[in-house]
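# sequence-free structure coming up:
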């Protein structure tokens with residue numbers, strides 16, 4: 001083994017690689033020699049020196065996990081190996097539980113690994129920027145669709161997700177921390193978190209509406225908002241207003257093909273009645289008969305998960321008194337969720353709440 005160290009890094013990576021290539025081309029009995037390199041990181045280019053040295057003919061690299069060593073450290077073998085992995089080259093080193101390796105190294109060396117250290121830091125797979133979050137969200141959805149089209153598990157499909165050079169699962173990480181929300185975040189990241197954690201599929205205009213509420217909340221605190229806090233904010237903003245809606249009870253019935261009636265008893269004891277071509281149009285007719293004109297501009301609903309008997313969520317964009325806004329409802333009954341969504345929109349758009 002002939003070891004050629006950059007004991008103190010003083011030249012650019014290409015110059016170091018030229019030196020390695022010269023040795024590689026001019027050593028006698030080259031096939032009997034293992035050409036080894038030992039780059040340090042004084043200029044912050046230890047990984048680049050090692051990669052170019054290997055391309056120039058080196059067969060062996062000496063370094064340390066997470067770049068430990070004298071002064072600024074030796075070349076980081078974690079970054080070097082996972083750079084190879086990201087290009088489809090097996091580094092022959094098992095980093096499938098990067099967090100456990102990191103914990104052991106931190107314990108042994110009494111030095112923390114920086115949260116933005118490549119591949120191993122706490123934030124390396126995390127996007128706060130709205131445009132990045134939107135691209136990652138769409139990329140993950142496309143990755144799942146591609147795996148389904150290829151008929152292979154998601155983990156075996158070729159990885160091509162924007163802003164994520166490797167699949168976090170390859171190093172034992174999950175996707176929960178990939179998208180996190182603060183005041184920089186946009187609608188895409190917010191929608192992704194609510195969709196992946198709580199099964200919500202927000203209509204695009206509702207994403208925009210809710211992102212404004214999130215922006216206000218994060219601007220006030222200046223801190224990150226978790227998926228749980230997003231759900232609490234969504235519930236308080238869109239679901240809670242429709243859970244009572246001022247109705248003590250209500251019922252709907254199909255009295256003839258294409259004809260539905262809606263009857264509700266208010267908490268005051270007053271009764272509202274309306275007729276329409278569907279349950280929601282009958283509800284809005286009942287509200288109109290009481291002097292409240294409600295136009296439903298957009299309606300969407302879906303199950304929150306794939307199981308039988310799972311909760312449904314409905315979204316309604318409505319115009320009340322010339323003002324447009326959103327409401328949402330949740331229940332095991334799609335009809336109940338839909339009625340609650342209308343009542344939520346009405347409650348949010350009228351001063352009296354009903």
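Arrived safely, thanks for sending. If you're wondering where the values come from, they're calculated on a predicted model, not measured in any experiment. Residues are numbered from 1 along each chain as shown.
# from residue 275, how far out is residue 256?
Using Cβ to Cβ, to the nearest Å, residue 256 is found at 10 Å from residue 275. No exception for glycine: its C-beta is placed from N, CA and C like everyone else's.
# these two: who's more crowded?
residue 275 (15 against 8; other Cβ atoms under 10 Å).
# in what helix or strand does that one lie?
Using DSSP states H and E, residue 275 maps to strand 271-276.
# who are the packing partners of that strand?
strand 259-266, helix 279-289 (3 or more Cβ pairs under 8 Å, 6 or more residues apart in numbering; DSSP states H and E).
# which parts of the next helix or strand after the longest one are buried?
Sequence order places strand 294-303 as the next helix or strand after helix 279-289, per DSSP H and E. Along strand 294-303, the positions that meet the burial threshold by neighbour count (16 or more other Cβ atoms under 10 Å) are 294, 296, 299-301, 303.
# picking up where we left off before, strand partners (parallel or antiparallel) of the strand holding residue 275?
Sheet partners assigned to strand 271-276 using DSSP bridges are listed as strand 259-266 (antiparallel).
# quick one: mean pLDDT for the partner strand?
Strand 259-266 carries an average pLDDT of 93.
# now the strands: where do they sit in the stretch 1-150 of the chain?
2-6, 35-39, 60-61 (DSSP state E, counting those that start in this stretch).
# what lies in contact with the first one?
It refers to strand 2-6. 16, 19-20, 23, 27, 33-40, 46, 49, 53, 58, 62 (Cβ atoms under 8 Å, 6 or more residues apart in numbering).
# how far away is the spatially closest residue to residue 79 that is not a sequence neighbour from residue 267?
Leaving out its chain neighbours, the residue that sits closest to residue 79 by Cβ to Cβ, 6 or more residues apart in numbering is residue 118, at 4.7 Å. Counting by Cβ to Cβ, the gap from residue 118 to residue 267 is 60 Å.
# can you check residue 103 too?
In this view, residue 103 and residue 267 are 57 Å apart by Cβ to Cβ.
# thinking residue 150 is in contact with residue 157, fair?
Yes - contact status for residue 150 versus residue 157: in contact at 5.9 Å, counting by Cβ atoms under 8 Å.
# those two: which has the busier surroundings?
Taking other Cβ under 10 Å, residue 150 and residue 157 do not tie; residue 157 has more neighbours (19 against 11).
# and that one, how far is that from residue 195?
Relative to residue 195, residue 157 is positioned 20 Å away (Cβ to Cβ).
# same check on residue 179?
Separation of residue 179 from residue 195 (Cβ to Cβ): 10 Å.
# kindly report the same for residue 8.
Distance from residue 8 to residue 195, counting by Cβ to Cβ: 51 Å.
# when those two are compared, which one has more neighbours?
residue 195 (14 against 11).
# just to check, that one is in contact with residue 207?
No - using Cβ under 8 Å, residue 195 is not in contact with residue 207; the gap is 10.2 Å.
# ok, the residue nearest to residue 79 to residue 14 distance?
Using Cβ to Cβ, one gets 21 Å for the distance from residue 118 to residue 14.
# between those two, who's got more neighbours?
The neighbour comparison of residue 118 against residue 14 (other Cβ under 10 Å) goes to residue 118, with 17 against 13.
# break this structure into its domains for me.
2-109, 130-239, 243-349 (automatic domain parsing).
# weakest of these by average pLDDT?
Looking at the domains of the chain, the lowest mean pLDDT belongs to domain 130-239 (a mean of 87).
# contact partners for residue 180?
Residue 180 is in contact with 126-128, 189, 224, 226, counting by Cβ under 8 Å, 6+ apart.
# let's go with 7 Å and repeat that
Under the criterion of Cβ atoms under 7 Å, 6 or more residues apart in numbering, the neighbours of residue 180 are 126, 128, 224.
# now, of the helices and strands packed on strand 271-276, which is deepest in the fold?
Comparing those by mean neighbour count (mean count of other Cβ atoms under 10 Å), helix 279-289 ranks first with a mean of 20.
# report the angle between that helix and strand 259-266.
50 degrees (axes from the mean of the first three to the mean of the last three Cα atoms, to 10 degrees).
# who does helix 279-289 touch, helix- and strand-wise?
Applying 3 or more Cβ pairs under 7 Å, 6 or more residues apart in numbering; DSSP states H and E, one finds that helix 279-289 contacts strand 259-266, strand 271-276, strand 294-303, helix 334-349.
# for residue 80, which of the ones you listed is the nearest?
Closest approach to residue 80 among the helices and strands packed on helix 279-289 is made by strand 294-303 (45.7 Å; Cβ to Cβ).
# and residue 219, which of the helices and strands packed on helix 279-289 is closest to it?
Closest among those, using Cβ to Cβ: helix 334-349, at 20.8 Å.
# need the contact partners of the biggest helix by length in the chain.
Longest helix in the chain, counting residues (DSSP state H): helix 130-150. Contacting residues not belonging to helix 130-150 are listed as 127, 153-154, 157, 161-164, 178-179, 184-186, 188-189, 192 [Cβ under 7 Å, 6+ apart].
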